[in-house]
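Chemist: Structure for this input, please:
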Amino acid sequence: MRLQDHILVPKHEILKEEEVEKLLKLLGVSKEQLPKIKVTDPIVKEIGAKAGDIIKITRKSPTAGVSIFYRFVVE
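Modeler: Numbering: from 1, shown residues only. Prediction:
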């Protein structure tokens, strides 16, 4: 079973470069200002992300519905 298929692991996806540009402009921040996630994190390894990528994490919540978070992959 893949880690991402586990019920407790939220959806993780690597953003495309054009999505990154829009996101950073919308938030008014640089990549380095986003919260970080290590390249050695098991889910980062599973989805094939590398240092410098931005990951979109989509969590489902019974109270909030859906919450989206972003993480900058670092060494």
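Chemist: ok, E32 - how many residues close by?
Modeler: E32 has 8 neighbouring residues, counting by other Cβ atoms under 10 Å. C-betas here are computed from N, CA, C, even on glycine.
Chemist: I figured it was touching V73, is that so?
Modeler: No - contact criterion Cβ atoms under 8 Å: E32 and V73 do not qualify, at 11.6 Å.
Chemist: you'd agree V20 is in a strand?
Modeler: No - judged by DSSP: H, G, I helix; E, B strand; the rest coil, V20 forms no part of a strand; its state is helix.
Chemist: Any idea how many residues pack against the closest residue to it other than its chain neighbours?
Modeler: Distances taken as Cβ to Cβ, 6 or more residues apart in numbering put I54 closest to V20, at 5.3 Å, once the chain neighbours are dropped. I54 is flanked by 21 other residues according to other Cβ under 10 Å.
Chemist: cool, the one 3 residues further on as well?
Modeler: Burial measure for I57: 17 neighbouring residues, criterion other Cβ under 10 Å.
Chemist: I43 too?
Modeler: Around I43 there are 19 residues (other Cβ under 10 Å).
Chemist: Please apply the same query to the one 3 residues further on.
Modeler: Summarising burial for E46: neighbours were counted as other Cβ under 10 Å, giving 14.
Chemist: Now do the SS call for it.
Modeler: helix.
Chemist: Help me confirm that R71 comes into contact with I55.
Modeler: Yes - judged on Cβ under 8 Å, R71 makes contact with I55 at a distance of 4.8 Å.
Chemist: Which neighbours do those two have in common?
Modeler: Listed as contacting both R71 and I55 by Cβ atoms under 8 Å, 6 or more residues apart in numbering are I37.
Chemist: Please tell me how far the most centrally placed residue in the chain sits from T63.
Modeler: Closest to where the C-alpha atoms of the chain average out (Cα atoms, centre = their mean) is I55, at 2.3 Å. Look at I55 and T63: by Cβ to Cβ, to the nearest Å, they are 24 Å apart.
Chemist: same deal with V29?
Modeler: Separation of V29 from T63 (Cβ to Cβ): 27 Å.
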